[in-house]
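Enquirer: from the sequence below, what's the structure:
(2 chains)
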Amino acid sequence: GAVVSQHPSWVICKSGTSVKIECRSLDFQATTMFWYRQFPKQSLMLMATSNEGSKATYEQGVEKDKFLINHASLTLSTLTVTSAHPEDSSFYICSAGWTPNYGYTFGSGTRLTVV
Amino acid sequence: AQTVTQSQPEMSVQEAETVTLSCTYDTSESDYYLFWYKQPPSRQMILVIRQEAYKQQNATENRFSVNFQKAAKSFSLKISDSQLGDAAMYFCAYRSGAAGNKLTFGGGTRVLVKP
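Expert: Reported below is the predicted structural model:
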């Protein structure tokens, strides 16, 4: 079946630094990738939608200059949290967009802690 | 915009018993899909079951079944013969059949299984 590999699974960074999270579709081409944020004991909130070769579409209230998304190929999408602050600490999950055979495929998530 | 509501923050069930999780949604569309996802402590999102709105027959997957009431915009999940491994967060989700393809999640229901 379809697999989305997400790395790193967890990361601790200092306040003010940037962190990059990668999502790779291993055995299929993901023309669309969704990026979610999940706070403890809460639901998944969509941050942005990325389409291969074009600019990402951000949800209302999400700072596009802070959360940089790149989808340069059909198998790789990245989320960079720039100038991270403690309030950016969260669980980030990517999901490849809908395909008739596989539906949605989720990465395993990245726990980001900013200290 | 579509909204998904899960009114039960937590449900407890005895092992081998049955539990039903509620989900309601709001939409003006006629073409859409509904899903139930499971998120265990590992936080990996796992598809439990899906339902196409145009199908009148309720979807079933082994011990999991749904009660899809389109007119009432209700989509409940029944877990039969509950097992310890069913303990997790369960999220109801909506996908428009039109352009966009993004998932809208409900707030989640935590299921506790008592041995």
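
Enquirer: pull up the residues of chain A that are close to chain B.
Expert: Within reach of chain B by Cβ under 8 Å from any Cβ of the partner chain, chain A has these residues: A:32, A:34, A:38, A:42-46, A:49, A:91, A:93, A:95, A:97-98, A:103-104, A:106, A:108-109. All C-beta spots, glycine's among them, are computed from the backbone N, C-alpha and C.

Enquirer: try it again with 6 Å
Expert: Residues of chain A found near chain B, taking Cβ under 6 Å from any Cβ of the partner chain as the criterion, are A:43-44, A:46, A:97-98, A:106, A:108-109.

Enquirer: can I get those in a markdown table including distance to B:T20 and pLDDT?
Expert: As requested, the residues of chain A next to chain B are arranged in a markdown table below (distance: Cβ to Cβ, whole Å; pLDDT from 0 to 100):
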| residue | distance to B:T20 | pLDDT |
| --- | --- | --- |
| A:S43 | 20 | 95 |
| A:L44 | 22 | 96 |
| A:L46 | 27 | 94 |
| A:G97 | 31 | 79 |
| A:W98 | 27 | 72 |
| A:F106 | 25 | 95 |
| A:S108 | 29 | 96 |
| A:G109 | 28 | 97 |
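
Enquirer: adding neighbour count and secondary structure, write these out as TSV.
Expert: Converted to TSV, those look like this (neighbours: other Cβ atoms under 10 Å in any protein chain shown; DSSP: H, G, I helix; E, B strand; the rest coil):
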residue	neighbour count	secondary structure
A:S43	19	coil
A:L44	26	strand
A:L46	18	strand
A:G97	20	strand
A:W98	18	strand
A:F106	23	strand
A:S108	17	coil
A:G109	22	coil
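
Enquirer: so A:L46 makes contact with A:G61?
Expert: No: the pair A:L46 / A:G61 is not scored as a contact, 10.8 Å apart, by Cβ atoms under 6 Å.

Enquirer: other SSEs contacting whatever helix or strand A:W35 lives in?
Expert: Using DSSP states H and E, A:W35 falls within strand A:32-38. On a contact count with 3 or more Cβ pairs under 6 Å, 6 or more residues apart in numbering or on different chains; DSSP states H and E, strand A:32-38 meets strand A:44-51, strand A:90-99.

Enquirer: any weak-confidence spans in chain B?
Expert: Counting by pLDDT under 70, the ranges of chain B that qualify are B:98-100.

Enquirer: check chain A too.
Expert: Along chain A, segments meeting pLDDT under 70 span A:101-102.

Enquirer: and the residue of it found nearest chain B, what are its bridge partners?
Expert: Across chain A, no residue is closer to chain B than A:F106, which sits at 3.9 Å (Cβ to the nearest Cβ). A:F106 forms beta bridges with A:S95, as assigned by DSSP bridges.
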